[in-house]
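>>> Okay, predicted coordinates and the sequence, questions at the end:
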Amino acid sequence: MLKLNRFPGLVVEEIDEEVLLYRPTTHKAIYLNSMAAAIWKLCDGTRSVKDLVDCLVTTFPEASSCIVGDVQEAIDQLLREGALIEQPSDSAQ
């Protein structure tokens, strides 16, 4: 199972519950709303997509019906933007 990790070297600016990521090598900024920021912060190399969903459903039970879609959409976008990387879990090596 793949785990998700934040791409190293990003400059992070937190504004309330939102996050602005800046990649100096490409001069690209990525804005994250509060949900995307929460997802990005949880991506520390120890969690899979399922782990993220489980964590967020526990944290935001009132939004549980849309969390799976929100998580997948945010992860897809963050991977495309280069803000996240996938890595194999220790058990897969």
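It's in. Numbering: from 1, shown residues only.

>>> Please name the nearest non-neighbouring residue to residue 60.
Among residues not flanking residue 60 along the chain, residue 67 sits closest, at 6.7 Å (C-beta to C-beta, 6 or more residues apart in numbering). Where you see a C-beta, it was placed from the backbone N, CA and C, and this is true even at glycine.

>>> The one you found contacts residue 59, doesn't it?
No - under the criterion of C-beta atoms under 8 Å, residue 67 makes no contact with residue 59, lying 9.3 Å away.

>>> Neighbour count: those two, which is higher?
Neighbour count, other C-beta atoms under 10 Å: between residue 67 and residue 59, residue 67 has more, with 20 against 11.

>>> tell me the phi and psi of the more buried one?
Here is the backbone geometry of residue 67 (degrees, to the nearest 10): phi -70, psi -40.

>>> if we can go back for a sec, for the residue nearest to residue 60, list the residues it contacts.
By C-beta atoms under 8 Å, 6 or more residues apart in numbering, residue 67 lies in contact with 53, 56-57, 60.

>>> Strands along this structure, start to end?
If you assign secondary structure with DSSP state E, the strands in the chain sit at 2-6, 11-15, 18-23, 28-32, 44-47, 84-88.

>>> looking at these, which is closest to residue 78?
Evaluated with C-beta to C-beta, those place strand 84-88 nearest to residue 78, the distance being 4.2 Å.

>>> how many other residues sit next to residue 79?
A count of neighbours around residue 79, defined by other C-beta under 10 Å, yields 14.

>>> Surely it is in contact with residue 49?
No - distance between residue 79 and residue 49: 10.8 Å, which falls outside the contact criterion (C-beta under 8 Å).

>>> one step back: dump the strands of the chain into CSV; add mean neighbour count and distance to residue 72 as well.
Shown next, in CSV, are these (neighbours: other C-beta atoms under 10 Å; distance: least, C-beta to C-beta, whole Å):
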stretch, mean neighbour count, distance to residue 72
strand 2-6, 17, 12
strand 11-15, 11, 23
strand 18-23, 17, 19
strand 28-32, 15, 15
strand 44-47, 13, 14
strand 84-88, 14, 12
